[in-house]
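> The following block contains a protein sequence and its predicted model.
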Amino acid sequence: MLEDISLSEIKALVGQEVGVSDWITVSQETIDKFAEATSDYQYIHVDPVRAAAETPFGGTIAHGFLSLSLLSAMNYNCLPKIREQTMGINYGFEKVRFIAPVKSGAKVRGHFTMADARFRGASMLMITYEVSVEIEGERKPALTATWQTIIQFDPKDRPVDA
């Protein structure tokens, strides 16, 4: 669902899956760059030979936080754009669970269900998503999370019934 929607249409989406992102390939290069950015060089992520020999994964796996951070790209890829939005803010997570490892070279995609949408103050809308990150060809998701975001808008655009 990439169509634009208005603030007045948000409440009708609560309880619905509002987006499924395109697939993203998690390459070894991506994993290595994430390791460099976070200084997390644990061998299960950056040493394919050792990871193949010493882990049950058969090779390297992505950092859990890398899989989590891909939610931003997935979000932009598939969620409806709110016409009145002036800015979006990542508010945080209520719950994150890393369920299954993402092996180097695997493809992942996000599934977003709008769990709640509440207007706060004159110019903010807090949206809560139940998110899962699917791994192509795997039964279990990479992760599940409850993610909260804030949509900022001009107070004059607030729906009358909100």
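That came through, no problem.
> Who are the contact partners of the most centrally placed residue in the chain?
For the chain, the residue sitting closest to the mean C-alpha position, by CA atoms, centre = their mean, is residue 71 at 2.1 Å. Applying CB atoms under 8 Å, 6 or more residues apart in numbering to residue 71 gives the contacts 110, 131, 133, 145, 147. Any C-beta I mention is one placed from the backbone N, CA and C, and that applies to glycine too.
> The fourth one - that's part of a strand, no?
I take that to be residue 145. Yes. Assessed with DSSP: H, G, I helix; E, B strand; the rest coil, residue 145 lies in a strand.
> contact partners of stretch 93-104?
26-28, 31, 48, 57-62, 64, 66-68, 108, 128, 133, 135, 138, 140-148.
> typo on my end, it should be stretch 125-135
When contacts are defined by CB under 8 Å, 6+ apart, stretch 125-135 is touched by residues 7, 10, 18, 67, 70-71, 74, 82, 91, 94, 100, 102, 106-120, 141-151, 153.
> Just the buried residues of these.
7, 10, 18, 67, 70-71, 74, 82, 100, 102, 106, 108-115, 117, 119, 141-151, 153 (16 or more other CB atoms under 10 Å).
> For the longest helix seen in the chain, buried residues please.
For the chain, the longest helix by residue count, based on DSSP state H, is helix 28-38. Using 16+ other CB under 10 Å as the burial criterion, the residues of helix 28-38 that qualify are 30, 31, 34, 35.
> got it, and stretch 55-67?
Applying a neighbour-count criterion of 16+ other CB under 10 Å, one finds 59, 60, 61, 62, 63, 64, 66, 67 buried in stretch 55-67.
> got the end-to-end distance for it?
End-to-end distance of stretch 55-67 (CA to CA, to the nearest Å): 19 Å.
> just to revisit the earlier point, how about CSV for the buried residues of helix 28-38, with pLDDT added?
Shown next, in CSV, are these (pLDDT from 0 to 100):
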residue, pLDDT
30, 98
31, 98
34, 98
35, 98
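> what's the closest of these to residue 78?
residue 30 (19.5 Å; CB to CB).
> Please, where are all the helices along this structure?
28-38, 43-46, 48-54, 64-69, 71-78.
> Tell me who's in contact with residue 75.
19, 21, 110, 112, 149.
> swap the cut-off to 10 Å and go again
19, 21, 88, 90, 110, 112, 129, 131, 147, 149 (CB atoms under 10 Å, 6 or more residues apart in numbering).
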